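[1] what follows is a protein structure lacking sequence information:
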């Protein structure tokens, strides 16, 4: 039987996806072995067998850190993709609607109050959800525009208020002890990540990711015009809120252990669409894989470029911005049509 | 039998001063084409959106025998989906919550594209289509919904005569297959050629609902559009 032309296309995309995933796995393995011990370069099998310290560094430091980077990148890219489709806008990411700032504010309050990591996670989650709720609440009271425009406007307002509150907390923090800690955390980083830190975030984010993956085709449907989407799926607004809630939860838990890490959620979905097209059946899994490898690369640069570690947020902002500009000036595809 | 029954429907948009529809009652049923005519802002699109379930009446009732397939006048396209991916979204009402489309859904999409003579566009991105091609692709999305009721807002907007004829033939074919079609249009020639019945709306009030011969008169149209209307011969596609 002859295959349908598009079905054949979809199979080709799947094959391409598995090839890219294989390459990503190899790159991640390579990056795990790359570092500054015992000297800048790659750790070989011989060193791992003969030098116990090398093995311990890999197992107890680099592997959990790499897992943290993979989780962070995958979740931010997944959430960014969902946000872009839900808002039918390729220029938003998971920090939208004040979510990152909300999670940040919650985490800083937990830091200043001396909470445990679980408490920090809980407050980050609460902060992000409250930001989302505040944005949605405000959007419902704006008197013009469709839901998407109203959420955009309310997101800007809520983000500004939260940024101001974060600045206020920094202003009132102990300048010798608390302020450097908050400032460093806000710049993002994975230096303190160990296996036990990852258990809870991985569980929560994993659960969110499974549901989002199951709904991946419906995510694409939400990028359609509101009237079209609602005529096809009457519960569109509810579906939109469920998808946003899951993305926010994922973003909050990774922000709690890694700090505010910008740009990954914005550019990785663009790269995924460039490689695989706009179909979310492929683009969403591809964003997860590409987000993981992007963050693994950024974190490796952050920890091994200089003897002193550079905050991760600086690397993602630099690399992300460069990639974004390259994409903007080279992509020949029109992305919007009135 | 497909049917739409509106009884004394009233609707006012939030923060609007005047109602968009007032005491609006109309019944449509069976395999027929209804053209909804009226001046801009008269209530045509509001009526169709109510039938599509996108707006809820402030008072009165609307009964629609099944979920209709709705074609809005314009739509925003944010991502460069392929034509096939785009039309595939029309299958959403038939796909369970946590599922993705199957190859049978894709087959239906390809036969809809083929019925419209645009199967060669299947792999093209929708952002690369001409206005006429895009309208046909949007029509394909209506077809794959497999509804017995079509609600079309300005289906010939931006179409050249050849594409308009194609849409007219398609409507005739769909009517023969038992579908009820409501289309809001400003194209009087198209309405005259395609519609069995005319619904005239002005200032949210039903002016006339009858067969096209009774409604499409110079007097009624002049009153509807507040401009003298006269029937004249003009250039038409030979098939009309």
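    The structure has been received and is ready for your questions. From a predicted model like this one, the values you see are computed outputs, not experimental measurements.
[2] residues in contact with the residue nearest to the spatial centre of chain A?
    The geometric centre of chain A, computed from its C-alpha atoms, lies nearest to residue A:76 (Cα atoms, centre = their mean), at 0.9 Å. In this structure, residue A:76 makes contact with A:93-94, A:251, A:254, A:261, A:264-265, A:268, A:291, A:295, judged by Cβ atoms under 8 Å, 6 or more residues apart in numbering or on different chains. Placement of C-beta: from N, CA and C, glycine included.
[3] which residues sit against stretch B:89-106?
    The contact list for stretch B:89-106, computed with Cβ under 8 Å, 6+ apart, reads A:4, A:6-7, A:214-218, A:220-221, A:224, A:228, A:232-233, A:281, B:67, B:69, B:84, B:88, B:108-109, B:140-147.
[4] filter those down to just the ones in strands.
    Under the assignment DSSP state E, the contacts of stretch B:89-106 contribute residue B:69 to strands.
[5] mind checking which of the contacts of stretch B:89-106 land in helices?
    Among these, the members found in helices (DSSP state H) are A:6-7, A:214, A:216-218, A:220-221, A:228, A:232, A:281, B:84, B:88, B:108-109, B:140-143.
[6] returning to what we had before: what's the pLDDT at the residue nearest to the centre of chain A?
    At residue A:76, the predicted lDDT confidence score is 96.
[7] helix/strand/coil for the closest residue to residue A:228 other than its chain neighbours?
    Using Cβ to Cβ, 6 or more residues apart in numbering or on different chains and skipping the chain neighbours, the partner closest in space to residue A:228 is residue B:75 (5.6 Å). Secondary structure state of residue B:75, per DSSP: H, G, I helix; E, B strand; the rest coil, is coil.
[8] burial of residue B:75, as a residue count?
    Neighbours of residue B:75 under the rule other Cβ atoms under 10 Å in any protein chain shown: 17.
[9] tell me who's in contact with it.
    Applying Cβ under 8 Å, 6+ apart to residue B:75 gives the contacts A:224-225, A:227-228, B:138.
[10] ok, back up a step: could you dump the contacts of residue A:76 into TSV and include neighbour count, distance to residue B:198 and secondary structure?
    Below are the contacts of residue A:76 laid out as TSV (neighbours: other Cβ atoms under 10 Å in any protein chain shown; distance: Cβ to Cβ, whole Å; DSSP: H, G, I helix; E, B strand; the rest coil):
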residue	neighbour count	distance to residue B:198	secondary structure
A:93	27	50	coil
A:94	30	51	coil
A:251	33	54	helix
A:254	28	59	helix
A:261	30	60	coil
A:264	32	56	helix
A:265	32	52	helix
A:268	30	53	helix
A:291	31	55	helix
A:295	32	61	helix
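[11] farthest pair within the contacts of residue B:75?
    Distance extremes for the contacts of residue B:75: the farthest pair is A:227 and B:138 at 11.9 Å, using Cβ to Cβ.
[12] any idea of the pLDDT on the most far-flung residue of chain B relative to its centre?
    Distance from the centre of chain B peaks at residue B:98, with 29.8 Å (Cα atoms, centre = their mean). pLDDT, residue B:98: 88.
[13] quick one: it is in a helix?
    No: counting by three-state DSSP, residue B:98 is not part of a helix but coil.
[14] what distance do you get for it to residue B:70?
    Separation of residue B:98 from residue B:70 (Cβ to Cβ, to the nearest Å): 25 Å.
[15] my read: residue A:71 touches residue A:208, true?
    No: distance between residue A:71 and residue A:208: 11.5 Å, which falls outside the contact criterion (Cβ atoms under 8 Å).
[16] tell me the domain boundaries of chain B?
    Following automatic domain parsing, chain B resolves into domains at B:1-68+B:148-240, B:75-146.
[17] is chain A within reach of the first one?
    It refers to domain B:1-68+B:148-240. Yes: against chain A, domain B:1-68+B:148-240 shows contacts by Cβ under 8 Å from any Cβ of the partner chain at B:14-15, B:49, B:52-54, B:68.
[18] got a ChimeraX select line for the buried ones in the residues you listed?
    Buried residues within these, by 16 or more other Cβ atoms under 10 Å in any protein chain shown, are selected in ChimeraX with:
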select /B:49,52,53,54,68
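[19] any low-confidence regions in the chain?
    All of this refers to chain A. By pLDDT under 70, the low-scoring segments of chain A are A:1-8, A:147-148, A:331-338.
[20] wrong chain, I was asking about chain B
    By pLDDT under 70, the low-scoring segments of chain B are B:239-240.
[21] could you point out which element follows the longest helix along it?
    When chain B is parsed with DSSP H, its longest helix is helix B:161-176. Downstream of helix B:161-176, the first helix or strand assigned by DSSP states H and E is strand B:180-184.
[22] packing partners for that next one?
    Where contact means 3 or more Cβ pairs under 8 Å, 6 or more residues apart in numbering or on different chains; DSSP states H and E, strand B:180-184 is packed against strand B:3-11, strand B:21-29, strand B:33-37, helix B:44-51, strand B:149-153, helix B:161-176.
[23] if you set the cut-off to 7 Å instead, what comes out?
    On a contact count with 3 or more Cβ pairs under 7 Å, 6 or more residues apart in numbering or on different chains; DSSP states H and E, strand B:180-184 meets strand B:21-29, strand B:33-37, helix B:44-51, strand B:149-153, helix B:161-176.
[24] mind checking which of the ones in helices among the contacts of stretch B:89-106 are buried?
    Neighbour counting by 16+ other Cβ under 10 Å classes A:6-7, A:216-218, A:220-221, A:228, A:232, A:281, B:84, B:88, B:108-109, B:140-143 among the ones in helices among the contacts of stretch B:89-106 as buried.
[25] tell me the residues of the stretch 151-300 of chain A that contact chain B?
    Contact residues, the stretch 151-300 of chain A versus chain B (Cβ under 7 Å from any Cβ of the partner chain): A:214-215, A:217, A:221, A:223-225, A:227-228, A:230-234, A:277-279, A:281.
[26] redo that, cut-off 8 Å
    Residues of the stretch 151-300 of chain A lying near chain B (Cβ under 8 Å from any Cβ): A:214-218, A:220-221, A:223-225, A:227-228, A:230-234, A:273, A:277-279, A:281.
[27] tell me the centre residue of chain B?
    Centrality entry for chain B: nearest residue to the mean C-alpha point is residue B:152, 0.8 Å, by Cα atoms, centre = their mean.
[28] what bridges to the nearest residue to that residue once chain neighbours are set aside?
    Leaving aside its chain neighbours, residue B:152 sits nearest to residue B:183 (4.0 Å; criterion: Cβ to Cβ, 6+ apart). Residue B:183 has these beta-bridge partners by DSSP bridges: residue B:35, residue B:152.
[29] so who does residue B:183 touch?
    B:33-36, B:150-155, B:171, B:191, B:194-195.
[30] let me have these in CSV, adding distance to residue A:128 as columns.
    Formatted as CSV, those follow (distance: Cβ to Cβ, whole Å):
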residue, distance to residue A:128
B:33, 51
B:34, 49
B:35, 51
B:36, 46
B:150, 43
B:151, 40
B:152, 42
B:153, 39
B:154, 42
B:155, 44
B:171, 50
B:191, 53
B:194, 53
B:195, 53
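[31] quick check, residue A:252 in a strand?
    No: judged by three-state DSSP, residue A:252 forms no part of a strand; its state is helix.
[32] that one and residue A:127 touch, don't they?
    Yes: between residue A:252 and residue A:127 there is a contact at 7.1 Å, judged by Cβ under 8 Å.
[33] which of those two has more neighbours?
    Under the criterion of other Cβ under 10 Å, the comparison of residue A:252 against residue A:127 puts residue A:252 first, with 34 against 28.
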